[in-house]
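Asker: Build me a model from this:
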Amino acid sequence: MAARNKEQDKPRDPRASLALLWGEQEQPTRGPKPKLSPQRIAAAAVELADGEGLDAVSMSKVAGGFGVSAMALYRYVPGKGELVELMVEAVLAEGPDLSGVPGGDWRAGVREWARRCARVYAAHPWLLGATAMRRHVMGPQQLRWLDAALAALEPTGLGAAQRHQVFLLLVGLVRNLAQQVSDYDEEQDREWNRLTGELLARHADRFPALTKAIAEGAFEPAGLDPLEFGLDRILDGVEALIAGRE
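Answerer: Residues are numbered from 1 along each chain as shown. Predicted structure coming up:
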């Protein structure tokens, strides 16, 4: 076990990760037929993460579900980092099918893409931590989502760099809302509101705009769908950008 831990401390090889994600790793030509596969292991890990969170996923715990030792999994997946990448691919496998969107209606296409993306994050809250906004190895399913977003924006006539920036705004909106849902605790929220209300009552003169906004119901439920509201603002901005170019 000590040898395995030492091996896991070694820098990961991105080429090996890409080969695993894209199914391009070398297959053994001899020996018994493998009893597991990276995809089966990833599916089991997804089920575990959906129920207990990403921190609950470990090679040993996933292996236990198959009745094998953690060492047996390393034949298929080099470590937890690669496993998480496979998990992301697994939950993104059902790509954003935008075939029902009228051709050329970029607003409808982008809106449908964002809605489908939001549903994936809602179904798998651990996806936030697994896809931090940083450079990481991407498999075909992740790239398919990016490709679909860029394709939906093509009718805008915007340049490739601008379309990519709009994509970042969209995925940022989805992730931000998913984070709010993940962090929300009704009891803590109620206590925070009570304590904040008491503080502002004592220091209203120091925060006049905030005090006024609260009095006018700024933090009360407004009956707005935050995703749709955010999408409208982003898409209106894109339209203004298009109009400016024209």
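Asker: use CA for all of it now, contacts and neighbours both
Answerer: Will do.
Asker: what stretches of the protein score poorly on pLDDT?
Answerer: 1-12, 26-33, 133-135, 246 (pLDDT under 70).
Asker: show me where it has strands.
Answerer: Assigned by DSSP state E, the chain shows no strands.
Asker: tell me the domain boundaries of it?
Answerer: Listed domain ranges for the chain are 2-91, 106-184+216-245 (source: automatic domain parsing).
Asker: The last one spans what distance, first to last residue?
Answerer: When you say that, I think you mean domain 106-184+216-245. 17 Å (CA to CA, to the nearest Å).
Asker: For residue 97, which of the domains of the chain is the nearest?
Answerer: domain 106-184+216-245 (8.1 Å; CA to CA).
Asker: Contacts for stretch 157-177 next, please.
Answerer: 114, 117-118, 121, 128, 146, 149-150, 153-154, 226-227, 230-231, 234, 238, 242 (CA atoms under 8 Å, 6 or more residues apart in numbering).
Asker: Now which of the residues you listed would you call buried?
Answerer: Among the contacts of stretch 157-177, the ones that count as buried by 16 or more other CA atoms under 10 Å are 114, 117-118, 121, 128, 146, 149-150, 153, 227, 230-231, 234, 238.
Asker: What is the most widely separated pair among those?
Answerer: Across these (CA to CA), the longest gap, 25.8 Å, separates 128 and 238.
Asker: what comes up buried for the longest helix along the chain?
Answerer: Looking across the chain with DSSP state H, the single longest helix is helix 160-183. Across helix 160-183, burial judged by 16+ other CA under 10 Å covers 163, 164, 166, 167, 170, 171, 173, 174, 175, 177, 178, 179.
Asker: In CSV, list the C-alpha atoms belonging to that helix.
Answerer: Taking Å, rounded to 0.1, in the frame of the first residue of the first chain, the C-alpha atoms of helix 160-183 are listed here in CSV:
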residue,chain,number,x,y,z
ALA,A,160,-14.7,33.2,-32.4
ALA,A,161,-13.1,35.0,-29.5
GLN,A,162,-16.3,36.9,-28.7
ARG,A,163,-18.4,33.7,-28.9
HIS,A,164,-16.0,32.0,-26.5
GLN,A,165,-16.3,34.9,-24.0
VAL,A,166,-20.1,34.6,-24.2
PHE,A,167,-19.8,30.9,-23.5
LEU,A,168,-17.8,31.7,-20.4
LEU,A,169,-20.5,34.2,-19.2
LEU,A,170,-23.1,31.5,-19.7
VAL,A,171,-21.3,28.7,-17.9
GLY,A,172,-20.3,31.2,-15.2
LEU,A,173,-24.0,32.0,-14.7
VAL,A,174,-24.9,28.3,-14.4
ARG,A,175,-22.1,27.5,-12.0
ASN,A,176,-22.8,30.6,-9.8
LEU,A,177,-26.4,29.6,-9.4
ALA,A,178,-25.5,26.0,-8.8
GLN,A,179,-23.1,27.1,-6.1
GLN,A,180,-25.8,29.2,-4.4
VAL,A,181,-28.1,26.2,-4.3
SER,A,182,-25.2,24.0,-3.0
ASP,A,183,-24.4,26.5,-0.2
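Asker: Fine, thanks again, bye for now.
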